[in-house]
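> Here is my input, please return the structure:
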Amino acid sequence: MLSNQGFQITPSATAIAEAQAILIGAYGINVNLEPSSPNGQLVQNIAIAITQRESDQAETISSLDPNIAAGLQLDAICANLDIERIKSINSTATCIFTGLTGVTITAGSQVANSNSDIFLVDSNLTIGLSGSVTGTVTAQTAGIITVTANTITTIITAINGWDTVNNPTTGNVGTTEQSDAQLRNTRISQLAFASSGSIPSLVAGASALNPISSYVASNNTNAQIVKDGLTINPHSVMVILDGGGSDLQIATMIFNRLSGGGGMSGNKSFTIPVPNSPGTFTATWQIAVQKALGLNITLRVGAVYPPNLTTVIANIINTNFDFNRIGRYIDSTEFTFLLMNNGIIPIVSLTFNVGTLLNLIDYTMPISDSLGGSILDTNVAINYA
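Numbering: from 1, shown residues only. So this is what the prediction gives:
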């Protein structure tokens with residue numbers, strides 16, 4: 001049933017009662033409606049049809065809500081704002097192919113890495129007088145496939161005179177297709193980006209200038225408040241940034257998006273001229289303190305893991321983890337799932353470090369701190385048990 005509270009699917013018990021009423025109306029009050037009887041089975045089937053029909057209707061109606069819509073319907077809604085879902089990208093690598101001079105390795109020939117991921121040769125390659133030729137390969141499957149140096153060494157497509165293949169350097173890791181949740185957030189950010197005078201507008205502006213990490217705090221009271229060691233003045237906002245954007249760009253963004261007369265708090269200020277006016281505007285914002293991210297991972301003794309493991313793990317985290325965590329929650333399971341989904345299996349245990357805080361299972365970042373934009377290989381500690 002559709003009402004101003006939304007669409008409500010008829011409960012199963014109500015649907016069964018409605019189906020029983022239909023048969024009583026057709027055959028009389030003495031009709032046998034025991035669940036084991038033929039008519040009882042018919043009641044069940046009618047009730048299932050009622051709830052399934054309403055479930056389909058609810059899904060159709062929900063698909064019109066951009067905050068609920070998924071898949072192709074969400075794509076269609078976002079297309080009205082010229083927003084397209086970010087497609088997945090295939091991993092690539094540069095390889096050296098060796099063999100007899102004059103032998104041509106045809107485009108589409110297959111090679112594989114140590115994890116049995118298949119890569120296709122991008123174009124026809126002819127081995128030169130040196131006995132080798134350099135070319136690129138692309139993963140057959142789109143998405144996140146780690147391409148560690150010296151791991152693409154298996155020739156699948158046999159060609160007479162082609163002897164070896166190897167990637168001497170780490171390749172470019174692909175990306176997965178943008179999820180429904182990520183696409184919804186993109187839509188919300190773009191709507192906010194086109195507005196001004198609101199916190200979402202400042203958030204969108206800060207994110208556009210500062211893709212690493214940003215946060216906007218506000219104080220609508222008549223007194224100063226202190227949050228995570230930062231003092232926010234009365235009736236003001238604090239735009240907190242971790243790199244990205246020049247002082248001029250940041251100040252201009254705040255000028256364009258801050259409500260008229262709104263106050264600002266922070267440890268950084270920059271003055272710009274007001275367009276078409278002899279006056280000036282001084283923007284104030286906060287620079288976040290970067291804290292290094294570290295991982296402490298215990299793996300299974302005797303299990304097979306990729307070579308150069310600390311580098312592989314750092315690459316996986318840097319490619320897939322959302323480092324935008326100022327004022328936001330972090331859970332160790334985020335890292336565990338990312339690593340397991342990328343072939344680091346099994347993982348016995350995992351904790352993480354934020355600056356001098358060690359062996360964390362979960363943690364809420366203060367608004368004063370950020371994680372920067374990456375994790376270093378040297379901050380990945382591996383043990384075996």
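> From here on, just use CA atoms for contacts and neighbour counts.
Noted.
> Give the bridge partners for residue 296, please.
Residues found in beta-bridge contact with residue 296 (criterion: DSSP bridges) are residue 351, residue 381.
> does it really touch residue 381, like I thought?
Yes - with contact taken as CA atoms under 8 Å, residue 296 and residue 381 are classed as touching, separated by 4.8 Å.
> who's more crowded, the two?
Counting neighbours by other CA atoms under 10 Å for residue 296 and for residue 381 shows that residue 296 has the greater number, 18 against 14.
> Residue 334 - that's part of a helix, no?
Yes - under the criterion used here (DSSP: H, G, I helix; E, B strand; the rest coil), residue 334 sits inside a helix.
> Would you mind measuring from the residue nearest to residue 140 when sequence neighbours are not counted to residue 380?
By the measure of CA to CA, 6 or more residues apart in numbering, the closest residue to residue 140 outside its immediate chain neighbours is residue 119, 5.2 Å from it. In this structure, residue 119 and residue 380 are separated by 28 Å, where distance is defined by CA to CA, to the nearest Å.
> now the host helix or strand of residue 285: mean pLDDT?
Residue 285 belongs to strand 280-287 when assigned by DSSP states H and E. Averaged over strand 280-287, pLDDT sits at 93.
> got it, and stretch 174-194?
Averaged across stretch 174-194, pLDDT comes to 76.
> Centre of the chain to it, how far?
For stretch 174-194, the distance from its own C-alpha centre to the chain's C-alpha centre is 9 Å (CA atoms, centre = their mean, to the nearest Å).
> and residue 254, what pLDDT?
Reading off the confidence values, residue 254 has pLDDT 88.
> that's a helix at it, yeah?
Yes - according to three-state DSSP, residue 254 belongs to a helix.
> Other residues contacting stretch 118-127?
Stretch 118-127 is contacted from outside by 97-113, 133-141, using CA atoms under 8 Å, 6 or more residues apart in numbering.
> for stretch 147-154, that is, sorry about that
Among residues not part of stretch 147-154, those counted as contacts by CA under 8 Å, 6+ apart are 91-93, 95, 111-114, 164-173, 307-308, 312.
> from the residues you listed, which ones fall inside helices?
Secondary structure assignment (DSSP state H) places residue 312 from those within helices.
> hang on, the earlier thing: give me the element the residue nearest to residue 140 is part of.
strand 118-121.
> which residues sit in contact with residue 342?
Taking CA under 8 Å, 6+ apart, we find residue 342 in contact with 144, 145, 146, 316.
> circling back to that earlier point, how about the strand holding residue 285, which residues are buried there?
Of the residues in strand 280-287, those with enough neighbours to count as buried (16 or more other CA atoms under 10 Å) are 283, 284, 285, 286, 287.
> What sits closest to the fourth one if chain neighbours are left out?
Translated: residue 286. Using CA to CA, 6+ apart, the nearest residue to residue 286 is residue 266, at 4.2 Å.
> repeat for residue 163
With CA to CA, 6+ apart as the measure, residue 99 is the residue that lies nearest to residue 163, at 4.8 Å, once sequence neighbours are left out.
> The stretch 201-350 of the chain: strands as residue ranges?
Taking DSSP state E, counting those that start in this stretch to define them, one finds strands in the stretch 201-350 of the chain at 214-219, 225-227, 230-232, 236-241, 263-264, 268-273, 280-287, 289-290, 293-299, 329-331, 347-354.
> who touches residue 199 in this structure?
Listed by CA under 8 Å, 6+ apart, the contact partners of residue 199 are residue 216.
> Report pLDDT for it.
The predicted local distance difference test score for residue 199 is 70.
> Check the one 4 residues further on too.
In the predicted model, residue 203 carries a pLDDT score of 74.
> Pull the contacting residues for it.
Taking CA under 8 Å, 6+ apart as the definition of contact, the neighbours of residue 203 are 214, 215, 216.
> what helix or strand does the residue most central in space within the chain sit in?
With distances taken as CA atoms, centre = their mean, residue 182 lies nearest the centre of the chain, 6.1 Å away. In the assignment (DSSP H and E), residue 182 maps to helix 180-193.
> what about the stretch 251-385 of the chain, any weak spots by pLDDT?
Flagging of the stretch 251-385 of the chain using pLDDT under 70 yields the residue ranges 260-261.
> One more pass at 80, please.
Applying pLDDT under 80 to the stretch 251-385 of the chain flags residues 259-262.
> picking up where we left off before, the strand holding residue 285 pairs with which strands, parallel or anti?
If you go by DSSP bridges, strand 280-287 pairs up with strand 236-241 (parallel), strand 268-273 (antiparallel).
> shouldn't residue 299 be in contact with residue 340?
No - with contacts defined as CA under 8 Å, residue 299 does not count as touching residue 340, sitting 11.4 Å away.
> So for the two, which residue has more residues nearby?
Under the neighbour definition other CA under 10 Å, residue 299 and residue 340 were set side by side, and residue 299 has more, 20 against 12.
> for that one, what are its contacts?
Taking CA under 8 Å, 6+ apart as the criterion, residue 299 is in contact with 346, 347, 348, 349, 382, 383, 384, 385.
> I only care about those that end up buried; give me the ChimeraX line for that.
Below is the selection syntax for ChimeraX that covers the buried ones among the contacts of residue 299, with 16+ other CA under 10 Å defining burial:
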select :346,347,349
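> Against which helices or strands is whichever helix in the chain runs longest packed?
For the chain, the helix with the greatest residue count under DSSP H is helix 38-62. In this structure, helix 38-62 makes packing contacts with helix 12-27, judged by 3 or more CA pairs under 8 Å, 6 or more residues apart in numbering; DSSP states H and E.
> So for the helix it packs on, what gets flagged as buried?
Taking 16+ other CA under 10 Å as the basis for neighbour counts, the residues of helix 12-27 that come out buried are 15, 16, 18, 19, 20, 23.
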